[in-house]
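Asker: Below are the sequence and a predicted model; questions follow.
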Amino acid sequence: MKKLIGFLAFWVLTLVVMGQGETERKISVIGQSRGQFYADQLQNPIADSVTAPKMNSGNVLADLGLKIQVNKTMEVLGMVRIRNDYGGFWGSGVSFDVRQLSVRGLIGNAVRYSLGDINYKMSPFTLWNNGQEWSESSAQIFKDQLGVLNYDHFYNADHSWRQQGASADGGFVFSKGIQELMWGVFSSRVKTTDFGNVPDRVFSGISIDAKVREGINVAYHYANLWDLQGTANSNTAFRNPVHTVALSLSKLTGVIQHEVQVETGMSNRWVMNSTDYIKKSGKFVHGVYKILWPEQRWSWQVTLNRVEAEFRSPGAQSRRLNPKAALSAFQRTGNDQSLRSLNLLDLMRESNLYNLQLQTELGAYLPYYDNITPYGVATPNRQGMEVMVGGKSKDKKFSWNVSRAAYQETRGEGTLEPRKFERARFQCEGTVAQWGAQSLNVQTELRSDKTQRVLDAPIPSTDLKTNCVVVGLDLSINKKWHALMGTQYVRYLGNDIVPTVSYNGDITNFTEQSWNGKEWMNAFGLKYVFSEKSFLTVQNNHWTGSNVNSNMPNYQWKQWMVLYQMNF
Amino acid sequence: MKKIFFIIAAISISMYWMGCNVDDHFDGPDLNDIYGPFEWTQDLAVDRDSVDFAANETVHITAAFSKRVEWHVLISGLTSGAQKELTGFDAVVNEFWEGSTTHFPMFRSEECEVLMYVKGQLDTLRDTVFVQTPKLNQGLLLSDFEGGLNPNWVPFVQSGTNMNFGLQQNGNAPQGVRSYVMAGAVTWDWLIGMIDIPASAYGADHFDLSSNPNQVYFNTLINKPADYDNGVVLIRFSEDDNLDGSFDPNQEDMYSYQLQGGQDGWRLLSLKYSDLQALVNGNPAAPNGNGLHEPNKLFQVSILFLANPASGYSESGLDYMIFTQGEPLRP
């Protein structure tokens, strides 16, 4: 009822503003309308008289946003979500939520500010929303589902985190010395006090970026996740400041573009007035040297990265995927109603698995999906190099790259011997053939990950391999109709000694775990594109998998999905 | 410009390779401790055949293993049955036994068996050591009851049934061979019996104790038979605040400690003098004197044995009453 009242109040306020009749005031409606329907069937090879094998679900929703240009220097954006779950009628299953409420403006023609729900990012080591597993190179047919999930969780392509707070930025242009100086400040509330043991937790950041001269930039970033003392009875207060300095160089020599980017910094982490937490400090250094040939027909890139084991940056290391969360589709299966572990299909559609907020501790991850960079480029306890070669077709409709990375830990876990990691990857995406109005687009990724650590028996050595193949085809029959096909195959085999981490981040024990499984997801579908902003797609997805180390039977999951989406 | 790029590339690579090494320590417990093979790299060794604890000699116990383990050493007096336990989690055992006791009775002059075992391992290693003289504890010993009852103590015993107040030698003494038993049934009064232990019994007006109540500990071994939970032991400390050589309960401080129930058998009771409170009917109350804890003015210690008159027979025991300085008794 409160939500309904809030919704009505919002509309009344909007109408009042609209009714003012001032000439410079402009109002535009933005948002998204979507209908999504799932028909699922779980095929269990073992007799299961408890679990319903078929399940239908879905929803229709509209994100209605009003962007009000109050005056030349202020803009108000309010967006509400009206959602009706499949089967909801006469109010049952209907929800109203405020999806976004923000005010943006300009002060003195010099300072831009934003209040409320804002998207913010800094550098990959201070505030950066890393992509979830298998999301970087999906087939187009998988991207449609994934896009819904990312949109709902505010996972934007620019790696920004959706936060509730305030930001301001501005800049100066100088006639002497440095040419430009851009600055930005940001603060948001990450956690609300319970007035007892948990104080308000705030994330704040400062960025200063100086353009020394054409092609040379120097930047400083500061980010801190900290507790506001006095907002709870407890006098403990978490602190995690991160300082980084970045240098960016760009130079065209002849027809070849050279780019160098270096970022280095350090973090500190402690809890004031607590003896449980020992202050920990960590550093990192990250460098990229890139050479681009004309029109990016060829590119070469080498990346050096070293992130110490104690480096902690909640803004850059918070994970989207929480593999420990409960599933909503076929959560329990079998006559014993055992919990089903997540699979590739869940990753594309299961909203409960995804996190919206920054986390103080390193989140759990699945080593057999990604044991090398589970926290993105800022993954702690990694040092190594990656070499990448890539290019684009002459018409820039097709791109490819091949990369090879070798990493090792900066500090061993349970032994001085570090784990060693290797990754080989090939990616390509784009149009490979065109016949009049018809075209064929492909999306491909081949990836091979390896983790190894050889220890003297009987201490178990680590040997984990994960191989993945993704192939997507998008046949554009004409400008409207698309035939989509996609497959993703993941094979993982091996073992590792997985650390058990205490609440304060210390390793307290180890557990040997083995994985021997494979997952195969095949999909086909049709897509009708009404315009650049709207489409309708019908897709069939068939997931099969097996895991030797799991007591789950080798079930199959068939899914039909209808998705209509319209942006406005 | 090329130079700049080369310099930056060189700096970047230098920075990388300078830092591209592995820490000389690791996170978490040692994997060797969890998964590594176990073996005794050095057997249990006791550095002497006999020891005189009264002369401040100690027994040095050593052993070593191939990994860090939870090890246990159990030293048992073959005559007394006294036990000393040592335990730890390490790859090396390097312990000194100074004659103290973990489980009563205390060690006597006797042959002792030293056993060592490791959690999760089958082997138990054994050695022996002979205790020539048991450990001497520093402090003001009121009585260990070995030489009989101090004639200047003032006992009072009700004329109830099955009354038994006095020395006892039944092989159950936690120290030496004798202890003091307090037992009986009194149907008309809570008090079964008591002993007043005046400072004069030790040849002075006041006990020879420090004036700092934070440094003075009263210790005694006390017994609660498993069959009787109804006994209450009340220990009173009467101070001569005005130093007139007597104690006036209406004008001077009397601090008390009351003990009822607890674990069966002999246990060590150690009381820090500054923690003592004035009690009225078992409840804290304001002291009647200057309200200062002044152990140097302690005039008399009284041990009262009480029980609910309706609860029937009750029993308790005392042994080895001693004041210690700076720390509680480590028997």
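Answerer: Sure thing, it's come through. Owing to the predicted nature of the structure, the values given are computational and were not obtained by experimental measurement.

Asker: Just list whatever residues bridge to A:Gly205.
Answerer: Taking DSSP bridges as the rule, A:Gly205 bridges to A:Phe186, A:Ala223.

Asker: Can you read off the pLDDT for it?
Answerer: You'll see A:Gly205 listed with a pLDDT of 96.

Asker: and the gap between it and A:Val185?
Answerer: As judged by Cβ to Cβ, to the nearest Å, A:Gly205 and A:Val185 stand 7 Å apart. The C-beta positions use only the backbone N, C-alpha and C, and glycine is treated the same way.

Asker: now swap in B:Asn150 and tell me
Answerer: B:Asn150 sits 81 Å away from A:Val185, taking Cβ to Cβ as the criterion.

Asker: Check which residues of the host helix or strand of A:Thr544 are buried.
Answerer: Element membership of A:Thr544 [criterion: DSSP states H and E] is strand A:534-547. By neighbour count on 16 or more other Cβ atoms under 10 Å in any protein chain shown, the buried set for strand A:534-547 is A:534-535, A:537-539, A:541-545, A:547.

Asker: so who does the closest residue to chain A within the stretch 1-150 of chain B touch?
Answerer: Residue of the stretch 1-150 of chain B nearest chain A, by Cβ to the nearest Cβ: B:Gly28 (3.1 Å). Contact analysis of B:Gly28 by Cβ atoms under 8 Å, 6 or more residues apart in numbering or on different chains lists A:413-414, A:499, A:506-510.

Asker: now swap in A:Gln427 and tell me
Answerer: A:136-137, A:400-401, A:444-446.

Asker: ok, which pair from those residues is furthest apart?
Answerer: Greatest spacing in those, by Cβ to Cβ: A:Glu136 and A:Trp400 (14.2 Å).

Asker: ok so, going back, quick one: which of the buried residues of strand A:534-547 is nearest to chain B?
Answerer: Among the buried residues of strand A:534-547, A:Asn547 lies closest to chain B (Cβ to the nearest Cβ), at 24.1 Å.

Asker: Confirm for me that that closest one is in contact with A:Gly517.
Answerer: Yes: taking contacts as Cβ atoms under 8 Å, A:Asn547 lies within contact range of A:Gly517: 3.5 Å.

Asker: Just the strands from the stretch 351-500 of chain A, written as ranges.
Answerer: Here the stretch 351-500 of chain A has its strands, by DSSP state E, counting those that start in this stretch, at A:382-392, A:398-408, A:420-435, A:438-453, A:462-476, A:481-501.

Asker: mind listing what's buried in the longest one?
Answerer: Residues of strand A:481-501 classed as buried: A:482, A:484-488, A:490-499, A:501 (neighbour count, 16+ other Cβ under 10 Å).

Asker: How about the fifth one?
Answerer: Within strand A:462-476, the residues that qualify as buried by neighbour count (16+ other Cβ under 10 Å) are A:462, A:464-470, A:472-474, A:476.

Asker: Below-threshold pLDDT in the chain: ranges please.
Answerer: Defaulting to chain A. For chain A, applying pLDDT under 70 flags the ranges A:1-25, A:89-91.

Asker: um, chain B though
Answerer: In the predicted model, chain B carries pLDDT under 70 at residues B:1-20.

Asker: again, only this time at 50
Answerer: For chain B, no stretch has pLDDT under 50.

Asker: Using the record's assignment, carve it into domains.
Answerer: Domains of chain B are assigned by automatic domain parsing as B:31-133, B:140-325.

Asker: so can I have a markdown table of those domains showing distance to chain A?
Answerer: Formatted as a markdown table, these follow (distance: least, Cβ to the nearest Cβ, whole Å):
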| stretch | distance to chain A |
| --- | --- |
| domain B:31-133 | 4 |
| domain B:140-325 | 25 |
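
Asker: Turn those into TSV, including mean neighbour count.
Answerer: TSV is the format used below for the domains of chain B (neighbours: other Cβ atoms under 10 Å in any protein chain shown):
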stretch	mean neighbour count
domain B:31-133	17
domain B:140-325	18
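
Asker: Output those domains in CSV; the columns should cover distance to A:Gln296.
Answerer: Converted to CSV, those look like this (distance: least, Cβ to Cβ, whole Å):
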stretch, distance to A:Gln296
domain B:31-133, 47
domain B:140-325, 79
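
Asker: Between those domains, which one is closest to A:Trp300.
Answerer: Going by Cβ to Cβ, the one of the domains of chain B nearest A:Trp300 is domain B:31-133, 39.9 Å.

Asker: Pretty sure A:Pro199 sits against A:Asn235.
Answerer: No: A:Pro199 is beyond contact range of A:Asn235, at 9.0 Å (criterion: Cβ under 8 Å).

Asker: Name the residue in the two with the higher neighbour count.
Answerer: A:Pro199 (24 against 11; other Cβ atoms under 10 Å in any protein chain shown).

Asker: how close does that one get to A:Leu358?
Answerer: Using Cβ to Cβ, one gets 15 Å for the distance from A:Pro199 to A:Leu358.

Asker: which parts of the stretch 401-550 of chain A sit against chain B?
Answerer: Residues of the stretch 401-550 of chain A found near chain B (Cβ under 8 Å from any Cβ of the partner chain) are A:408-416, A:418, A:455, A:458-460, A:497, A:499, A:506-510, A:512.

Asker: Go again with 10 Å.
Answerer: By Cβ under 10 Å from any Cβ of the partner chain, the residues of the stretch 401-550 of chain A that approach chain B are A:408-418, A:453, A:455-460, A:497, A:499-501, A:505-512.

Asker: Show the buried residues in these.
Answerer: Among these, the ones that count as buried by 16+ other Cβ under 10 Å are A:408-415, A:417-418, A:453, A:455, A:459-460, A:497, A:499, A:501, A:505, A:507, A:510.

Asker: Restricted to helices, list those residues.
Answerer: Of the positions in these, not one sits in helices, assigned by DSSP state H.

Asker: For the stretch 1-150 of chain B, just list every one of the strands.
Answerer: Under DSSP E, counting those that start in this stretch, the stretch 1-150 of chain B gives strands at B:40-46, B:50-52, B:59-77, B:83-97, B:110-118, B:124-133, B:140-143.

Asker: a markdown table please, covering those and showing distance to A:Asn343.
Answerer: Below are the strands of the stretch 1-150 of chain B laid out as a markdown table (distance: least, Cβ to Cβ, whole Å):
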| stretch | distance to A:Asn343 |
| --- | --- |
| strand B:40-46 | 48 |
| strand B:50-52 | 67 |
| strand B:59-77 | 39 |
| strand B:83-97 | 41 |
| strand B:110-118 | 44 |
| strand B:124-133 | 51 |
| strand B:140-143 | 75 |
